[in-house]
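Undergrad: My questions concern the predicted model and sequence given below.
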Amino acid sequence: MDEKYLHPLVPELEKRFTTKVHLALDKRLPAPDYAYDYEAEKHIAMYILSKLIEVDVPGDAKILGVANVDIFVHRSVQEFIFGQAQFGRTSKAALISIYRMDPFSYVDGKRDDELLVQRMIKEAVHELGHVFDLRNCVEPECAMYLPKDLRSLDKKTDNFCLNCQKAFRTLKQPKKPEN
């Protein structure tokens, strides 16, 4: 994964999640050959995600893995996915793949780095939203909307709608100890 695509994610994720973001380039994982499904000719996202979960990070830090391989959910009707996340307040890892987001892979080989980074930010916010316990949203412009194709990915924004903003603020509050 070329670092030039990762650096623009940092300020955007810091802004959305009001936290410090660190690029852990020293924690890169090897090519996910272990996750390749020869029949589907794609990588099983959950297998890659399970390797991300094993990465040692301090405290309650969250991990966003960025892959450049085609990913899917095994035994799903969806042909591909843009990302997947471990769900819930105690989870720590999310994964996005640029494979289907990259214009270079389907538009006569033409690069559009700006469009790729925009898509990466939207999906990074979406998948990390799940790590913070947010659900998919029905609002097509919300970052938590589940896109099924590039058209719906491009239509949505990298911001939470008002309902998701409210839910996120509530979820970010520390849990009160039970008496």
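TA: Looks like it came in fine.
Undergrad: What segments of this protein are helices?
TA: 3-6, 9-17, 45-53, 113-131, 150-155, 162-172 (DSSP state H).
Undergrad: Need the pLDDT of Glu12.
TA: Per-residue confidence (pLDDT) for Glu12: 95.
Undergrad: Contact partners for it?
TA: 121, 124-125, 158 (CB atoms under 8 Å, 6 or more residues apart in numbering). (Each C-beta comes from the backbone N, C-alpha and C, glycine too.)
Undergrad: Check Leu146 too.
TA: 126, 136.
Undergrad: Distance check, it against Gly129.
TA: 11 Å (CB to CB, to the nearest Å).
Undergrad: For stretch 29-41, give the mean pLDDT please.
TA: Computed over stretch 29-41, the average pLDDT equals 92.
Undergrad: What's the end-to-end length of that stretch?
TA: Terminal residues of stretch 29-41 are spaced 20 Å apart (CA to CA, to the nearest Å).
Undergrad: List of residues touching that stretch?
TA: Stretch 29-41 has contacts (CB under 8 Å, 6+ apart) with 42-45, 47-48, 51-52, 55, 65, 67, 69-70, 72, 74.
Undergrad: Closest one of those to Phe80?
TA: Proximity of the contacts of stretch 29-41 to Phe80 (CB to CB) peaks at Phe72, which lies at 5.1 Å.
Undergrad: How many neighbouring residues does the closest one have?
TA: 21 (other CB atoms under 10 Å).
Undergrad: Report the contact partners of Lys62.
TA: If you count contacts by CB under 8 Å, 6+ apart, then Lys62 has 92-94, 128, 131-132 around it.
Undergrad: Of those residues, which pair is most distant in space?
TA: Spanning the widest gap among the contacts of Lys62 are Ala93 and Phe132, at 12.1 Å by CB to CB.
Undergrad: So if I had to pick from these two, which one is more boxed in?
TA: Neighbour count, other CB under 10 Å: between Ala93 and Phe132, Ala93 has more, with 23 against 18.
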